[in-house]
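Chemist: One predicted model, sequence on top.
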Amino acid sequence: MDIHSDIPYTRESLRNPLREFDLYLPPGSIADPTTRPTICFVHGGAWRSEDKKEHSVLAENLVHHTGLAVVVPNYRLTPHEETRDNVLRHPSHTEDILNFLEFLLTWEGPPGCGRVFDPTQLFLMGHSCGAHMLSSILLDSSMVTASLTPSRSLLDAVKGVVMSEGIYDLDLLNLHFPDYLGWFIAPAFGTLESYSPFAVTSYALRRRTLSWLLIHSQGDTLVDFSQSEKMLNHLKSEYGTSADERICYNTALTQGHDDILVTDEFVKIVGHFIEKALDKH
């Protein structure tokens with residue numbers, strides 16, 4: 001496997017590890033790698049923790065199982081100890097991810113390699129808060145966060161999206177897990193009476209031909225089923241009669257919130273979804 005680490009996706013003059021990504025390429029030669037789709041995994045961590053390196057096992061497993069390139073970006077995080085000079089709140093984290101995805105569309109590849117995947121065929125994966133971030137881009141959040149509006153080219157490039165253990169409705173999450181308000185919701189979104197404007201379950205579809213896979217493990221004790229079920233019902237309402245064709249919901253896993261990411265079962269579920277989505281295009 002060929003791994004390219006710490007690639008910047010912005011034009012900052014000084015290196016910023018939180019605005020870099022890692023690229024994992026399958027071994028062996030491919031006649032034309034520029035026709036190969038790629039998978040992008042956006043990590044969770046409550047908008048305040050985790051690093052792309054922590055998900056190298058998942059990335060390598062995805063490469064081995066699918067034969068596709070995998071990219072894992074970092075993004076700026078809300079600090080654990082907030083001061084007047086280091087506040088970072090939504091939508092800043094998601095703006096970084098949007099900038100990264102737009103960057104992929106025109107990136108010429110690692111030095112000396114050239115393009116190693118087709119930027120017009122992207123599969124996006126969001127775990128926990130990563131699911132909220134991707135949903136804020138792929139669904140129409142423009143009335144709340146206009147800065148998260150993707151280009152037409154990016155919307156056309158995304159062939160499928162996988163959401164695992166997703167956070168979608170902050171008020172509902174706070175109702176079931178009150179400790180989360182002070183732990184990460186208020187630090188990442190500000191102290192508000194209601195977080196309903198940021199519920200992605202109220203955002204309309206930007207594109208009706210996108211395929212979705214929602215995964216929620218029976219063993220997840222950090223985010224409960226009500227999150228994924230509300231998102232599922234919202235998407236079904238948006239898609240109407242085409243919902244069964246466009247939306248998959250999988251609750252077969254039994255591991256913990258993050259533990260699912262290093263299981264063979266998780267990778268197989270994702271790989272099967274990608275294979276089916278490619279057959280549609």
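Modeler: All right, it came through fine. Residues are numbered from 1 along each chain as shown.

Chemist: And stretch 35-52, what's buried?
Modeler: For stretch 35-52, burial by neighbour count (16 or more other CB atoms under 10 Å) applies to 36-48, 50, 52. Every C-beta, even on glycine, is put in place using the N, C-alpha and C of the backbone.

Chemist: Helices of this protein, start to end?
Modeler: 56-66, 92-106, 129-138, 152-157, 170-176, 180, 186-189, 225-239, 243-246, 264-280 (DSSP state H).

Chemist: Tell me the gap between the last one and the middle of its chain.
Modeler: Between the centre of helix 264-280 and the centre of its host chain there is 16 Å, according to CA atoms, centre = their mean, to the nearest Å.

Chemist: what bits of the stretch 1-150 of the chain have low per-residue confidence?
Modeler: 29-31 (pLDDT under 70).

Chemist: which ones are touching the residue nearest the centre of the chain?
Modeler: Nearest to the geometric centre of the chain sits G126, at 2.6 Å (CA atoms, centre = their mean). With contacts defined as CB atoms under 8 Å, 6 or more residues apart in numbering, the neighbours of G126 are 42, 44, 132-135, 161-164, 166.

Chemist: Rebuild the helices of the chain as TSV, extending it with mean neighbour count and distance to G256.
Modeler: As requested, the helices of the chain are arranged in TSV below (neighbours: other CB atoms under 10 Å; distance: least, CB to CB, whole Å):
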stretch	mean neighbour count	distance to G256
helix 56-66	19	14
helix 92-106	19	23
helix 129-138	27	16
helix 152-157	15	32
helix 170-176	17	17
helix 180	18	17
helix 186-189	20	22
helix 225-239	18	14
helix 243-246	14	29
helix 264-280	17	12
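
Chemist: And those: which comes nearest S196?
Modeler: In terms of CB to CB, the element of the helices of the chain nearest to S196 is helix 170-176, at 5.7 Å.

Chemist: Tell me how far the next helix or strand after that closest one lies from the chain's centre.
Modeler: Sequence-wise, the next helix or strand downstream of helix 170-176 (DSSP states H and E) is helix 180. Chain-centre distance of helix 180: 21 Å, with CA atoms, centre = their mean.

Chemist: Tell me how many other residues surround the closest residue to L23 other than its chain neighbours.
Modeler: Residue nearest to L23 in three dimensions, not counting chain neighbours: H4, with 4.3 Å by CB to CB, 6 or more residues apart in numbering. Neighbourhood size, H4 [other CB atoms under 10 Å]: 16.

Chemist: Tell me how far the residue lying closest to F189 once chain neighbours are set aside lies from P197.
Modeler: With sequence-adjacent residues excluded and distances taken as CB to CB, 6+ apart, F189 is closest to H90, at 5.1 Å. Remark: distance between H90 and P197 (CB to CB, to the nearest Å) = 10 Å.

Chemist: Those two - which one has more neighbours?
Modeler: Neighbours per residue (other CB under 10 Å) separate H90 from P197, with H90 holding more: 23 against 13.

Chemist: Next, give phi and psi for the more buried one.
Modeler: Dihedral angles of H90 (phi, psi; degrees, to the nearest 10) stand at phi -60, psi 130.

Chemist: Surely it is in contact with W47?
Modeler: Yes. Taking CB atoms under 8 Å as the definition, H90 is a contact partner of W47 at 7.1 Å.

Chemist: Please identify every residue contacting each of these two.
Modeler: Joint contacts of H90 and W47 (CB under 8 Å, 6+ apart) are A188.

Chemist: and the residue nearest to F189, what does it touch?
Modeler: H90 touches 47, 145, 188-189, 198, counting by CB under 8 Å, 6+ apart.

Chemist: which one is I215 nearest to, not counting chain neighbours?
Modeler: Leaving out its chain neighbours, the residue that sits closest to I215 by CB to CB, 6+ apart is S164, at 4.3 Å.

Chemist: What residues are bridge-paired with that neighbour?
Modeler: Beta-bridge pairing for S164 (DSSP bridges): H127, I215.
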